[in-house]
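Undergrad: my questions are about this predicted structure, shown below with the sequence.
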Amino acid sequence: MNIFVGNLNYRLDVEALEQAFAQYGQVDSAKIITDRETGRAKGFGFIEMSNDDEARAAIEGLNGAELMDRAIVVNEARPR
């Protein structure tokens, strides 16, 4: 399942994001979206988890949770 994560602290790195979700299960990939021209983080990213039950547990457990002093928004990513 692909998971959208919003309202991320701009200083958060991919490893810290992955660690937050790893407590709920196997994380296949973690990505923080950056601006093409400046390279600065845009404040959101995506997590890929192959086990849907673990992914749903992560969404429930982390939506609204504080990560680096920001309440993150976590939900299932919508297809483009």
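TA: Done, it's in.
Undergrad: after the strand ranked longest in the chain, which helix or strand is next?
TA: Ranked by residue count and defined by DSSP state E, the top strand of the chain is strand 41-48. Moving toward the C-terminus from strand 41-48, the first helix or strand encountered (DSSP states H and E) is helix 52-62.
Undergrad: per-residue confidence at the residue of the chain most remote from its centre?
TA: Distance to the chain centre peaks in the chain at Glu37, reaching 22.3 Å (criterion: Cα atoms, centre = their mean). Note on Glu37: pLDDT of 96.
Undergrad: and it, what are its phi and psi?
TA: Dihedral pair for Glu37: phi -90, psi -40, per degrees, to the nearest 10.
Undergrad: that one and Ile47: what is the separation?
TA: Distance, Glu37 to Ile47, by Cβ to Cβ, to the nearest Å: 25 Å. Every residue, glycine included, has its C-beta placed from N, CA and C.
Undergrad: which helix or strand contains the spatially closest residue to Ala58 that is not a sequence neighbour?
TA: Excluding the flanking residues, the one nearest Ala58 by Cβ to Cβ, 6 or more residues apart in numbering is Tyr24, at 3.8 Å. Using DSSP H and E, Tyr24 maps to neither a helix nor a strand.
Undergrad: ramachandran coordinates for Tyr24?
TA: phi -100, psi -10.
Undergrad: repeat that for Val14.
TA: Dihedral angles for Val14 - degrees, to the nearest 10 - are phi -60, psi -40.
Undergrad: ok, it to Asn7 distance?
TA: As judged by Cβ to Cβ, Val14 and Asn7 stand 16 Å apart.
Undergrad: and what of Met68?
TA: On the measure of Cβ to Cβ, Met68 and Asn7 end up 11 Å apart.
Undergrad: what does Arg56 give?
TA: Counting by Cβ to Cβ, the gap from Arg56 to Asn7 is 20 Å.
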